[in-house]
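> Return a 3D structure for these sequence lines:
(one chain, ligands or ions: 1)
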Amino acid sequence: MNDTFTYPSHTHENSVRVSDFSRNLARGFQLLVLISTVLVIAGLFVRPDETELVLWSIIIPLLPASFLISPALWRAVCPLATLNMLGNGAVSRRRIGKTDLFRAEVIGITLLIILVPARRFILNENGVVLGSLIAVIAVASLVLGLFYASKAGFCNSICPVLPVEKLYGQHPLLSIKNPRCVPCDACTLKGCYDLGPEKAVVFALRGNGTVRPKWKTTAFGLFAAGFPGFIIGYFTVENTALALGPNIYAQILGYMLISGVLFHGAFFLMRSRIDLAVLFLGTLSVTLYYWYSGPAIATAFDLDPAVGTGIRVITLMLVSVWAIRALWTLISEANSPQAAHHPSSH
Ligand code: SF4
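A predicted model of the protein is given here:
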């Protein structure tokens, strides 16, 4: 990561070329996922146990792995993105600029920190509340799409999944074209993830685009360092009663705080390169996620513990391929002639 970084510029010339076949295929999947979401919401009301099992133990655990392969896979079909783009700024086509993007990122990270621990005291086991929450978020995404162009109102701004997409999708294994924005209408004036995953992460770490970054104090930098602890905190508490919600937040956020202090302290002492530090944090976070969720999935389906171990092994192999490839890329870039003139930032 060096100071020659240029932010993605958003013009129609930047629009990717996507064949009609690919766009129609993507539309078909978008419709399918949208209908599935309606069914999931309905299922959470009428068959909560079964639907929660499918949602929490199949659909959600697939997402981090898909982000390693390419966040574009999910972003191409995400039902909230489909709804967000449906209105296409019918009321006003506001775009989101650099400063607003950083504010929105704080909101997205805050939503994530509020919603994930809430699984432990209500969302994991209360289908009506979970179904209502998904419906409210879906409507919010739709309504925001009326006031903002393309994805500016939700997907590229306050979506609580976006920080995780950036962390796990910082070096996607596959380069997949975004079939939604043809042409790009520059809804996000800087740092659009769809136009440049790696650059969007750099942008998030730069903190308002300053040339000399203080990445440890940016919202994304703080989030990235705290996320391994957040995951440990989440998986080391049990589902519990609503009244114990404050305890859940205290414990999970306590782990997050320790993680943030520990890693930022270590990176400071080692004068780590930003790109290597963030790669390490992404690798550790996704490894921890599957280390805990593998056995949890096996338990949820009442399967042999070997299945949980199998999930751990398979995902660890995927994470290893992802991390080694990313490391290779970063080292190659650092050794390139251009990088010699622009040393990596600390
Ligand atoms: S999300 Fe917005 S800025 Fe990004 S490619 Fe689509 S239209 Fe362009």
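
> Please identify the nearest residue in space to the residue of the stretch 1-150 of the chain found nearest the ligand, excluding sequence neighbours.
Closest to the ligand within the stretch 1-150 of the chain is residue 150: 3.9 Å, counting by C-beta to the nearest ligand atom. No exception for glycine: its C-beta is placed from N, CA and C like everyone else's. Spatial nearest neighbour of residue 150, excluding adjacent residues (C-beta to C-beta, 6 or more residues apart in numbering): residue 187 at 3.6 Å.

> in stretch 217-237, what's buried?
Of the residues in stretch 217-237, 218-235, 237 count as buried by neighbour count, 16 or more other C-beta atoms under 10 Å.

> which ones among those residues are found in helices?
Counted as lying in helices by DSSP state H, out of the buried residues of stretch 217-237, are 219-235.

> Look up phi and psi at residue 181.
Dihedral angles of residue 181 (phi, psi; degrees, to the nearest 10) stand at phi -100, psi 80.

> Could you give the number of residues near it?
When neighbours are defined as other C-beta atoms under 10 Å, residue 181 has 22 of them.

> Check residue 201 too.
Residue 201 has 26 neighbours, counted by other C-beta under 10 Å.

> what's the answer for residue 254, then?
Around residue 254 there are 12 residues (other C-beta under 10 Å).

> The one 10 residues further on now?
Other residues lying near residue 264 total 20 when counted by other C-beta under 10 Å.

> which helices and strands sit right next to the helix or strand containing it?
Per DSSP states H and E: residue 264 is located in helix 245-270. Where contact means 3 or more C-beta pairs under 8 Å, 6 or more residues apart in numbering; DSSP states H and E, helix 245-270 is packed against helix 98-118, helix 219-235, helix 274-300.

> Show the pLDDT at the closest residue to the ligand within the stretch 201-346 of the chain.
Per C-beta to the nearest ligand atom, residue 203 is where the stretch 201-346 of the chain lies closest to the ligand, at 12.4 Å. Listed pLDDT for residue 203 reads 81.

> go on, residue 268?
89.

> Residue 215 is in contact with that one, correct?
No. In this structure, residue 268 is not within contact of residue 215 by C-beta atoms under 8 Å, at 11.1 Å.

> quick revisit: hmm, the residue of the stretch 201-346 of the chain closest to the ligand is touching residue 192, no?
No. Counting by C-beta under 8 Å, residue 192 is not a contact partner of residue 203; they are 9.0 Å apart.

> What parts of this protein come near the ligand?
For the chain, the residues in contact with the ligand (C-beta under 6 Å from any ligand atom) are 10, 150-151, 156, 178, 181, 184-188, 192, 194-195.

> hang on, the earlier thing: would you report the backbone torsion angles of the residue nearest to residue 150?
Torsion angles, degrees, to the nearest 10, at residue 187: phi -70, psi -30.
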